[in-house]
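A.B. asks: Predicted model and sequence follow; I will ask about them next.
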Amino acid sequence: SLDEHITIGVRRRRTDSDDGFDMTQSLSPSQAKKLKMYANQVTEETGCPQEVLHKFIDAGSIFHMLIDLKAASYKRNEDQEKAALLELKELIDSKDFKSALQSRLTACLLSPNITAYVTNTHTNIMEFIKNHCEVFKLPAALIQDVELLAQLSKIVSELLSSIRGNLKAKLVASIAKRMSIMDTAKSLAHGIIEVEAGHWNRYAFLRRCLRIFLIGVGDYKAIQLEDLYSSSLEPSLHADLRAKITMALDCEADMDADEDDQQHAERAEDDMDHMNDKGSEGELGMSNEADDDGNLGGGEHMMDNGEEEQNQDEETIQQEPEGNEDDNAGSGFIKGKNGKPPKFTSAKFWNYVDCLLEAVRQAAREEAGPDYAKSAHDVYENAVQNILVEYFQMDLVEFPGSMVVPKLLKTTSPQWQTTIQDSLLW
């Protein structure tokens, strides 16, 4: 009949596993006893607690046992994940972790190819870390956990700020000590990276930027103006900085001349007093030195050279497009005629570096033409390098140090350093 079920009359083949046992039924006492005897044997062989196995058998049916197995497996995995997460939290809070991370981040900022030191730097370094965990020796689980990733991001931000402060302090010291750029590179690298010629070029550029910056903000605490300024900086100086330097140097020269005239006048007056008023020499011992100590930085912003850059510079202070700048802004160090504060203050050295680095690239783009990103990319890259090499050569003339320019031995940088220099670009 068409109304009957289609399976009626179909003979099922008996399988080997179909022995008539209903797995939904609970184990009979005899079956449970046999299983417990086997469990005792397993206990002797494996050391598994007998109570655990007997409790599992007492679950009853096979399905109950399977549910118990699933629950135990889930609990074990959950405990393992919690233990692993605890280990990661202990790792990220350890001094060794932060020290190793700082070493790699220092290598990032010392890369001769890094795009910028502040502008979008934190964001791009975090993306680089996510894509190259092996470079920083980070477990992948740390990157995959949202909470730990946020903590890592905060640590990276703080370390970058500290590293920038340390690099700046070393650059200031290198100028004050008249160190060659090769010695400066060794000081900056501190054994963390293998130094190549490209590093010399970039560090010479950084030192040039720092000299102009210290002049711009009037920070002569560690280095006097006459030691910062030289004619080689002229091509990089805006008219307002040239005027500032000229005025300061002229004032210093006038000050020295006034002191000489005053000393001559005092000597002449002393002679007259000695001739006309004998016995009054005791009054001539009074000091008449000028109060001015000759510091050209008087009244200007002073800054501790070891000061760390502020974290807020990282993302919030972006370089505005050239067209949005005030026409009277000039170098960015002088207050605008409309009362607008200076763009670059004592805490924004690395923002200034980013600005000048972009200016170098813009000059290279103009030389390479509109196809600088495509067919003329090699021309563009060569133009950038040529500008930096020129800065290196000028630096070498002014800061020869006590050593001859060494011939770089052909060394192979470690793979992690190569990855940073080739891939940390944006």
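C.D. replies: Now that the structure is in, tell me what you want to look at.
A.B. asks: What strand or helix carries the spatially most central residue of the chain?
C.D. replies: Centroid-nearest residue in the chain, with C-alpha atoms, centre = their mean: residue 160, separated by 3.4 Å. Using DSSP states H and E, residue 160 falls within helix 146-176.
A.B. asks: Next SSE downstream of that helix?
C.D. replies: Heading C-terminal from helix 146-176 (DSSP H and E), you reach helix 181-189.
A.B. asks: helices or strands next to that next one in the packing?
C.D. replies: On a contact count with 3 or more C-beta pairs under 8 Å, 6 or more residues apart in numbering; DSSP states H and E, helix 181-189 meets helix 146-176, helix 197-217, helix 377-398. Glycine gets a C-beta too; all of them are placed from N, C-alpha and C.
A.B. asks: and the last one, what does it pack onto?
C.D. replies: With contacts defined as 3+ C-beta pairs under 8 Å, 6+ apart, the secondary structure elements packing on helix 377-398 are helix 181-189, helix 197-217, helix 349-368.
A.B. asks: what mean pLDDT would you report for the first one?
C.D. replies: Read that as helix 181-189. Mean per-residue pLDDT for helix 181-189: 95.
A.B. asks: What residues sit buried inside that helix?
C.D. replies: Residues 181, 182, 183, 184, 185, 187, 188, 189 are the ones in helix 181-189 that count as buried (16 or more other C-beta atoms under 10 Å).
A.B. asks: How about the contacts made by the fourth one?
C.D. replies: Which is residue 184. Residue 184 is in contact with 170, 171, 174, 203, 207, counting by C-beta atoms under 8 Å, 6 or more residues apart in numbering.
A.B. asks: Just give me the neighbour total for residue 395.
C.D. replies: By the measure other C-beta atoms under 10 Å, the count of residues near residue 395 is 23.
A.B. asks: Hmm, residue 32 is touching residue 56, no?
C.D. replies: No - counting by C-beta atoms under 8 Å, residue 56 is not a contact partner of residue 32; they are 11.0 Å apart.
A.B. asks: Closest to residue 419 out of the contacts of residue 184?
C.D. replies: Lowest distance from residue 419 to these (C-beta to C-beta) belongs to residue 203, with 20.8 Å.
A.B. asks: ok, the closest one - contacts?
C.D. replies: With C-beta under 8 Å, 6+ apart, residue 203 has these contacts: 171, 181, 184, 185, 188.
A.B. asks: now with 7 Å?
C.D. replies: Contacts for residue 203 (C-beta atoms under 7 Å, 6 or more residues apart in numbering) come out as 181, 184, 185, 188.
A.B. asks: any low-confidence regions in the stretch 251-400 of the chain?
C.D. replies: Where the stretch 251-400 of the chain drops to pLDDT under 70, the residues are 251-329.
A.B. asks: Mind doing that once more with 90?
C.D. replies: Scanning the stretch 251-400 of the chain for pLDDT under 90 picks out the ranges 251-331, 334-342, 368-378.
A.B. asks: what pLDDT does residue 411 get?
C.D. replies: 67.
A.B. asks: for the one 4 residues further on, same thing?
C.D. replies: The predicted structure scores residue 415 at 95 on the pLDDT scale.
A.B. asks: Please identify the buried residues of stretch 240-250?
C.D. replies: Those would be 240, 241, 244, 245, 248, for stretch 240-250 by 16+ other C-beta under 10 Å.
A.B. asks: And for stretch 340-358?
C.D. replies: 342-357.
A.B. asks: do stretch 129-147 as well
C.D. replies: So stretch 129-147, judged by 16+ other C-beta under 10 Å, has buried residues 129, 132, 135, 136, 138, 142, 143, 145.
A.B. asks: and of the residues you listed, the nearest to residue 65?
C.D. replies: residue 145 (34.5 Å).
A.B. asks: so how far is residue 92 from that closest one?
C.D. replies: Separation of residue 145 from residue 92 (C-beta to C-beta, to the nearest Å): 10 Å.
A.B. asks: Please read off the pLDDT at the nearest residue to residue 50 once chain neighbours are set aside from the model.
C.D. replies: Nearest non-adjacent residue to residue 50, counting by C-beta to C-beta, 6 or more residues apart in numbering: residue 43, 4.6 Å away. What the model reports as pLDDT for residue 43 is 87.
A.B. asks: cool, and the one 10 residues further on?
C.D. replies: At residue 53, the predicted lDDT confidence score is 84.
A.B. asks: Tell me the spatial nearest neighbour of it, not counting adjacent residues.
C.D. replies: In space, residue 53 is closest to residue 39, 3.8 Å off (C-beta to C-beta, 6+ apart).
A.B. asks: and the one you found, what pLDDT?
C.D. replies: 87.
A.B. asks: give the contact list for it.
C.D. replies: Here residue 39 is in contact with 50, 53, 54, 57 (C-beta under 7 Å, 6+ apart).
A.B. asks: neighbours of the closest residue to the last one other than its chain neighbours, just the number please.
C.D. replies: Right, the one you point to is residue 57. Nearest non-adjacent residue to residue 57, counting by C-beta to C-beta, 6+ apart: residue 35, 4.8 Å away. The criterion is other C-beta under 10 Å. On that basis, residue 35 has 17 neighbouring residues.
A.B. asks: got a pLDDT number for residue 35?
C.D. replies: 86.
A.B. asks: what helix or strand does it sit in?
C.D. replies: helix 29-46.
A.B. asks: There's contact between residue 368 and residue 376 in this structure, I believe.
C.D. replies: Yes - with contacts counted by C-beta atoms under 7 Å, residue 368 reaches residue 376, the gap being 4.3 Å.
A.B. asks: Which of the two has more residues huddled nearby?
C.D. replies: residue 368 (21 against 17).
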